[in-house]
Structure formats: structure tokens, C-alpha cells
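**Student:** predicted coordinates and the sequence they were generated for:
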Amino acid sequence: MVRVLAAALSTLVLGLILVPMVRTLARRVGMVAAPRKDRWHSQPTALLGGVGIFVAFAIGVAVFHDDLGEAVPILAASAFLFLVGLVDDVVQIRPLTKLAAQVLAAGGIVASGLVLPWAHEPAVDAALAMLWIVGITNAVNLLDNMDGLAAGIAAIACVFLGITFATNGQWDMAVLPALVAGAAAGFLVYNFKPASIFMGDSGSMFLGCLLGGFALLSSYGRSRSVASVLLTPVLIMMIPILDTTLVAITRRLRGQPVSVGGRDHTSHRLVALGASERRAVLILYAVAAASGAVAVVVRELRVDALLAVIPGFALAVLFFALYLGMVPVRERSAVGGGPVVMPQRRATMVMLDAALCALAYVSAFAIRWDWDLPPDQTDVLVGTLPMVVVAEMSALWLGGMYRVRWNEPSVDTIAVIGRSAIVAAAMAGIAVLMAYGFSGPSRGALVLNGLLVLIAVTGSRLAVAILQRLIAGDTGMEQRTRSVVIFGASEDGAFLAREMAKNPGYQRVPVGFLEHDTARVGDVFSGLPVLSASQVTQMQGLARVDEVLVFSRSDVASDELPTIGIPIRRVRLRVD
């Protein structure tokens with residue numbers, strides 16, 4: 001333990017000394033990153049921070065590690081990617097060239113025999129290990145999009161990797177993530193907002209390869225269940241994986257290449273919701289720490305307990321991802337389109353509710369029988385699960401769950417949600433009893449299911465308001481960024497959209513234009529979709545529209561404005 005802590009402290013001190021030296025060198029030779037539209041900084045910032053991280057780590061390895069053993073291929077591959085990234089920082093190489101280098105590095109690690117038995121088939125395990133290393137390397141690279149984010153997440157991940165090794169008794173291996181954590185923390189002092197230096201691709205690819213490779217060193221995976229083997233590294237790397245997945249999906253939906261930079265990462269979406277840049281980074285730190293803690297707990301849980309804990313945590317992460325994914329971002333597609341207006345957003349919430357209903361039903365039986373279901377109750381659970389989900393979802397739909405605006409809950413809204421959830425659980429219980437009679441299913445489990453459905457469905461709705469407050473912090477609900485549509489796809493509307501985009505102080509993000517002319521509905525104007533009144537009113541829940549803005553150099557007649565139940569505000573141009 002003392003050796004591990006000393007290793008982390010040594011690279012921390014080295015980072016504090018080396019990074020400012022590298023920063024001075026980068027400025028002298030002109031290695032600075034100029035502000036760009038797809039980046040978050042507004043001032044020229046020194047590059048080559050990865051050099052400071054690499055040198056601090058290399059010195060730490062030389063001092064604290066006599067026998068590197070299985071880690072040698074990982075260190076060699078990571079050093080190779082550091083050099084590739086350094087070349088990219090200096091002269092910029094093509095994305096395909098970097099990808100080829102990553103595949104080559106991953107191949108070297110896997111060829112040394114470092115894989116985990118994910119599928120218990122050598123060829124499949126090798127392919128998955130290569131995909132894992134390349135994926136995590138790119139995930140950390142993509143995560144380097146806001147001051148302090150990639151370095152902080154890497155340090156947090158290394159802390160939990162070190163805990164994993166320590167609990168396995170692999171104290172020699174625990175030194176390695178400790179060295180990385182210290183070096184990343186030393187760099188973070190100069191990289192946290194306002195950053196005076198960036199790590200560049202040399203740092204992000206180096207850290208990514210180390211993190212992906214270190215996950216393969218754990219001996220825990222060779223002695224426990226497949227679930228534990230898979231979940232531990234995934235949970236520790238949750239934030240890089242979540243960010244990459246969200247960016248990849250939303251960019252593909254926009255028709256934009258994934259490799260092209262943009263302001264549509266998880267951190268940027270948090271800022272769009274009203275968080276400051278610092279707060280956005282700290283929120284992601286907290287999520288990374290929570291996920292790492294779950295990874296540690298999972299190692300000690302029985303398999304039956306995993307069936308409730310992991311789906312519950314997975315649903316929480318999925319809800320967070322959906323919430324961020326539906327935040328409108330002004331990103332133009334490769335063919336000139338604007339932000340995607342997803343008509344399937346309501347369907348997404350229906351699917352989330354279905355998952356919540358299923359989880360509630362399974363959990364009710366597990367709790368009722370103390371995680372040890374009798375065979376007859378297992379048969380009842382498996383046989384009635386589809387029936388229960390269908391009955392509950394039908395009741396939620398008929399009860400008006402998907403017609404209320406629950407993003408800002410009122411007493412009436414919560415009443416609709418609660419009533420629908422209670423009726424849904426009652427219908428499910430009646431359906432089960434009609435199918436099996438009173439002698440088969442546990443009536444206690446059915447009562448518990450009703451309570452859990454009420455908590456899950458109501459809680460998921462209230463969670464939006466809670467998330468908004470947590471994300472925005474002390475600014476409160478009234479200060480958060482609002483999603484707005486602009487009345488009229490005209491030159492005046494385009495002017496207003498540009499002004500809103502250039503001035504974050506307005507706290508409003510245009511997501512479309514509202515038009516009476518049905519011939520124009522479905523078009524893209526000034527990078528934003530043209531919507532009908534019905535489409536705007538259907539954008540409920542996470543995809544809600546908060547306001548309709550009316551701007552014209554001549555007054556718009558009141559009878560031209562639609563009655564859609566959304567606040568309408570006039571915007572006027574005034575010269576004093």
C-alpha cells in the first residue's frame with residue numbers, strides 16, 4: 001500500500017514540475033492550439049501536455065517497477081501510440097493512419113496473450129480484446145474536448161483499476177495505474193479550466209491505450225463469473241464509453257462523420273442545459289466515480305443480486321444518456337442539415353418505461369423471496385413477465401402518461417403519472433391472477449410490484465426536474481437553457497437563430513422553425529428543421545419545446561400565431 005501511494009505521489013510531483021516546462025517549450029516553438037468552432041477554448045493554448053504525462057510516468061516506472069512482467073506489451077504499445085500522437089500533434093496525420101496504428105498496437109498486446117475470457121473462445125476473445133483496446137483509446141481521445149475532462153476521468157479510472165488490482169492481491173500491478181493517476185493529476189493542475197496546456201493526441205492516445213490494456217491484467221477475471229469479467233472494466237470506463245457511444249449515434253443520425261470534431265459531447269450537452277464548464281466536468285467526474293464504485297461492489301455480489309443491481313444501474317445510465325442525447329445541439333451535418341428532431345423520442349420513453357416495468361416485476365419477486373425464488377415462483381415470473389409489461393404499458397398509455405408535459409412537473413401532472421402507475425400495477429395483478437388463479441403467484445410479490453412501478457415511473461419523471469436542478473446548480477430552473485422554436489422560416493427568423501447561437505447569455509437554443517405553410521414542413525432552413533404546430537406539441541418530455549419566439553421587423557398579427565399550449569414570446573429589435 002505504501003509503495004502504491006508513494007508511486008502516485010512521485011508522478012504527481014513530477015507532473016507538477018515537467019508540465020510547465022513543456023508548456024514553455026510548446027509556446028516557444030509555436031506548438032499552440034488556435035481557437036476553433038468545434039473546440040471549447042477561446043484563447044491559443046499550448047499543446048504537448050502529453051509529453052509531460054509520458055515522461056513523468058516513464059520516470060515513475062523506472063524507479064518503482066523492477067519486474068514489469070505481463071505489462072511490458074502494454075507499455076510498449078502505449079509508448080508507440082504516444083509517438084504516433086506526438087507526430088499528429090506536430091504535423092497532423094490522417095485519421096485512418098492513426099486507426100491503423102491503434103490496431104497495430106492492440107494487435108501487439110493481444111499477440112502477447114493478454115485477453116480476458118469474455119467468450120471462452122480464443123479467436124473471439126482476441127478479437128474482443130483488440131476491439132476493447134482500440135475502442136478505449138479512441139474514447140479517451142474523443143473525451144479530450146473540455147478543460148480537465150480527459151485527464152480527470154483517466155485519473156479516476158486508474159484509482160479504481162488500482163483498487164481492483166489491490167483486492168486481487170496484485171500489488172505490483174497496482175503500482176502502474178497509481179503512476180498514471182499521479183501523472184494525470186499533475187497535468188490536471190494546469191489543464192483544469194482555464195487550461196494553459198492541452199495533452200494533445202500524444203497524451204490522449206497514450207492514456208487510452210494504458211487504460212484499455214491495464215483492464216486485461218486483472219487476475220480477477222480468471223476466477224469469477226463472465227458477468228464480473230465483463231462488467232468490471234466496462235463500469236470503470238463508463239464515461240469514455242458513454243461519451244463515444246452518444247457521439248457516434250447522434251452524429252450518424254445527423255449524417256455527420258464520427259471522426260469530425262464537434263460540440264455535441266456529453267460535456268457540451270451539460271453546458272447546454274445550464275451548467276458551467278467547470279460544473280459539467282465535475283458532474284462527469286462524479287458519474288465516473290459512482291460507476292467505479294459500482295464496479296468494485298459488483299465483484300463481491302452474488303449472481304442473483306447482480307440481476308437487480310446491474311439492470312438498475314444500467315437503466316440509470318441509459319436514462320442519463322437519453323436525457324443528454326435529446327438536448328438540442330447546433331451541429332450542422334455533412335450535407336448541411338441541422339440538429340435532428342427525433343420523432344421517435346416518445347417511443348424511446350415508452351421503451352424506457354417498459355424496461356422499468358420489467359425491472360420492477362423481477363425485483364418484486366426477488367425481494368419477496370429474499371433473492372432465492374422457489375422453482376414454482378420462477379416459472380410464474382418467467383411465464384407472466386411479458387403479460388405484465390403489456391398490461392402495464394397499456395394502462396400507462398390509456399392513462400395519459402404520454403400526453404402530459406412532465407419535464408416541469410406540476411401537481412396535476414404528478415397526479416396523472418401516479419394514477420396511471422397505480423392502474424397499471426392493478427391491471428398487471430389482475431391479469432396474472434386471471435391466468436394463474438390465487439394459488440399460483442405470490443400475492444405479496446404483486447403488491448410489491450405495484451409499489452415499485454409507482455416509484456419507478458414517477459421517479460423517472462421527477463428525475464428530469466432533479467437533473468435539471470443538479471446540472472444547472474444554483475442558477476435554478478429559470479436560468480437553464482431553454483429549447484425554442486422560431487415562428488416563421490424567414491430572413492427575420494434566420495437572423496434571430498444566428499443571434500441566439502452566437503450569444504449563450506440568452507439561455508435559449510433554437511431547435512426549429514414553426515410554419516403554417518405545410519408545403520415547407522420537413523424542409524431544412526438555416527440549418528434547422530421546419531416544423532408544423534402538431535410536431536412542436538408532440539415534442540414532449542426530454543424533447544420538449546419551452547417557448548415559441550416571434551420576431552419580425554413588422555408586427556405579426558395575433559391570429560397568425562398557433563394555439564399550441566406553449567408560451568409565446570415576442571422578440572423586438574430596439575435601438576436606443
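**Tutor:** Thanks, I have the structure now.
**Student:** neighbours of His268, how many?
**Tutor:** If you count neighbours by other Cβ atoms under 10 Å, His268 ends up with 21. (Each C-beta comes from the backbone N, C-alpha and C, glycine too.)
**Student:** quick one: pLDDT of it?
**Tutor:** Predicted confidence (pLDDT) for His268: 82.
**Student:** quick check: it is in a strand.
**Tutor:** No - using DSSP: H, G, I helix; E, B strand; the rest coil, the assignment for His268 is helix, not a strand.
**Student:** could you check how far it is from Ile109?
**Tutor:** 32 Å (Cβ to Cβ, to the nearest Å).
**Student:** list the buried residues for the lengthiest helix in the chain?
**Tutor:** In the chain, taking DSSP state H as the definition, the longest helix is helix 443-472. With burial defined by 16 or more other Cβ atoms under 10 Å, the residues of helix 443-472 counted as buried are 445-446, 448-450, 452-454, 456-458, 460-461, 464, 467-468, 471-472.
**Student:** ditto for stretch 91-101
**Tutor:** Ile93, Lys98, Ala101.
**Student:** where do the strands sit along this structure?
**Tutor:** According to DSSP state E, the chain carries its strands in the segments 32-33, 45-46, 482-487, 508-514, 524-525, 528-531, 547-551, 568-571.
**Student:** how about JSON lines for these, with distance to Leu83, mean pLDDT and mean neighbour count added?
**Tutor:** Shown next, in JSON lines, are the strands of the chain (distance: least, Cβ to Cβ, whole Å; pLDDT from 0 to 100; neighbours: other Cβ atoms under 10 Å):
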{"stretch": "strand 32-33", "distance to Leu83": "20", "mean pLDDT": "82", "mean neighbour count": "17"}
{"stretch": "strand 45-46", "distance to Leu83": "19", "mean pLDDT": "86", "mean neighbour count": "24"}
{"stretch": "strand 482-487", "distance to Leu83": "45", "mean pLDDT": "83", "mean neighbour count": "25"}
{"stretch": "strand 508-514", "distance to Leu83": "41", "mean pLDDT": "84", "mean neighbour count": "25"}
{"stretch": "strand 524-525", "distance to Leu83": "43", "mean pLDDT": "78", "mean neighbour count": "18"}
{"stretch": "strand 528-531", "distance to Leu83": "43", "mean pLDDT": "82", "mean neighbour count": "24"}
{"stretch": "strand 547-551", "distance to Leu83": "51", "mean pLDDT": "83", "mean neighbour count": "20"}
{"stretch": "strand 568-571", "distance to Leu83": "53", "mean pLDDT": "80", "mean neighbour count": "14"}
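**Student:** export these as a markdown table, with columns for distance to Ala8.
**Tutor:** Listed next are these as a markdown table, based on distance: least, Cβ to Cβ, whole Å:
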| stretch | distance to Ala8 |
| --- | --- |
| strand 32-33 | 29 |
| strand 45-46 | 25 |
| strand 482-487 | 43 |
| strand 508-514 | 41 |
| strand 524-525 | 51 |
| strand 528-531 | 49 |
| strand 547-551 | 49 |
| strand 568-571 | 53 |
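**Student:** wait, doesn't Gly15 sit right on Val180?
**Tutor:** No - Gly15 is beyond contact range of Val180, at 10.5 Å (criterion: Cβ atoms under 8 Å).
**Student:** which stretches of the stretch 251-400 of the chain have low pLDDT?
**Tutor:** 254, 258-262, 274, 301-308, 326-348 (pLDDT under 70).
**Student:** could you redo the last one with a cut-off of 90?
**Tutor:** 251-280, 294-389, 391-400 (pLDDT under 90).
**Student:** which parts of it are helices?
**Tutor:** In the stretch 251-400 of the chain, the segments counted as helices under DSSP state H, counting those that start in this stretch are 266-272, 277-298, 303-325, 345-368, 375-398.
**Student:** the third one packs against which elements?
**Tutor:** Right, helix 303-325. Where contact means 3 or more Cβ pairs under 8 Å, 6 or more residues apart in numbering; DSSP states H and E, helix 303-325 is packed against helix 226-236, helix 238-254, helix 266-272, helix 277-298, helix 345-368, helix 443-472.
**Student:** contacts for it, please.
**Tutor:** 225, 227, 231, 238, 242, 245-246, 249-250, 266, 269-270, 287, 291, 294, 297-298, 301, 348-349, 352, 355-356, 359, 362-363, 366, 371-372, 460, 463-464, 467, 542 (Cβ atoms under 8 Å, 6 or more residues apart in numbering).
**Student:** returning to that earlier point: now the helices of the stretch 251-400 of the chain as a markdown table including distance to Ile486?
**Tutor:** Listed next are these as a markdown table, based on distance: least, Cβ to Cβ, whole Å:
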| stretch | distance to Ile486 |
| --- | --- |
| helix 266-272 | 17 |
| helix 277-298 | 26 |
| helix 303-325 | 23 |
| helix 345-368 | 20 |
| helix 375-398 | 32 |
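**Student:** most tightly packed of those helices?
**Tutor:** Among the helices of the stretch 251-400 of the chain, the stretch with the highest mean neighbour count (mean count of other Cβ atoms under 10 Å) is helix 266-272, at a mean of 23.
**Student:** helices or strands up against it?
**Tutor:** helix 238-254, helix 277-298, helix 303-325.
**Student:** make it 10 Å
**Tutor:** The helices and strands touching helix 266-272, judged by 3 or more Cβ pairs under 10 Å, 6 or more residues apart in numbering; DSSP states H and E, are helix 238-254, helix 277-298, helix 303-325, helix 443-472.
**Student:** so how far is Gly135 from the nearest residue to Thr266 once chain neighbours are set aside?
**Tutor:** Of all residues not flanking Thr266 in the chain, Asp243 sits nearest, at 4.8 Å (Cβ to Cβ, 6 or more residues apart in numbering). Distance of Asp243 to Gly135, given as Cβ to Cβ: 12 Å.
**Student:** higher neighbour count, the two?
**Tutor:** Just comparing Asp243 and Gly135: by other Cβ under 10 Å the higher neighbour count belongs to Asp243, 25 against 20.
**Student:** for the more buried one, what are its contacts?
**Tutor:** 139-140, 142-143, 145, 149-150, 153, 265-267, 269, 284, 321, 324 (Cβ atoms under 10 Å, 6 or more residues apart in numbering).
**Student:** same thing with Pro374?
**Tutor:** Val380, Ser442.
**Student:** torsion angles phi and psi at it?
**Tutor:** phi -60, psi 150 (degrees, to the nearest 10).
**Student:** give me the most central residue, the chain.
**Tutor:** Centroid-nearest residue in the chain: Leu242, 3.8 Å away (criterion: Cα atoms, centre = their mean).
**Student:** find the residue ranges of the stretch 101-250 of the chain scoring beneath the pLDDT cut-off.
**Tutor:** 113-125, 142-147, 164-173, 193-196, 215-237, 242-250.
**Student:** let's see 80
**Tutor:** 116-120, 218-232, 250 (pLDDT under 80).
**Student:** in it, which spans are helices?
**Tutor:** Using DSSP H, counting those that start in this stretch, helices in the stretch 101-250 of the chain cover 122-143, 149-168, 171-191, 200-214, 226-236, 238-254.
**Student:** could those be laid out in JSON lines, adding distance to Gly429?
**Tutor:** Shown next, in JSON lines, are the helices of the stretch 101-250 of the chain (distance: least, Cβ to Cβ, whole Å):
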{"stretch": "helix 122-143", "distance to Gly429": "42"}
{"stretch": "helix 149-168", "distance to Gly429": "42"}
{"stretch": "helix 171-191", "distance to Gly429": "50"}
{"stretch": "helix 200-214", "distance to Gly429": "47"}
{"stretch": "helix 226-236", "distance to Gly429": "31"}
{"stretch": "helix 238-254", "distance to Gly429": "36"}
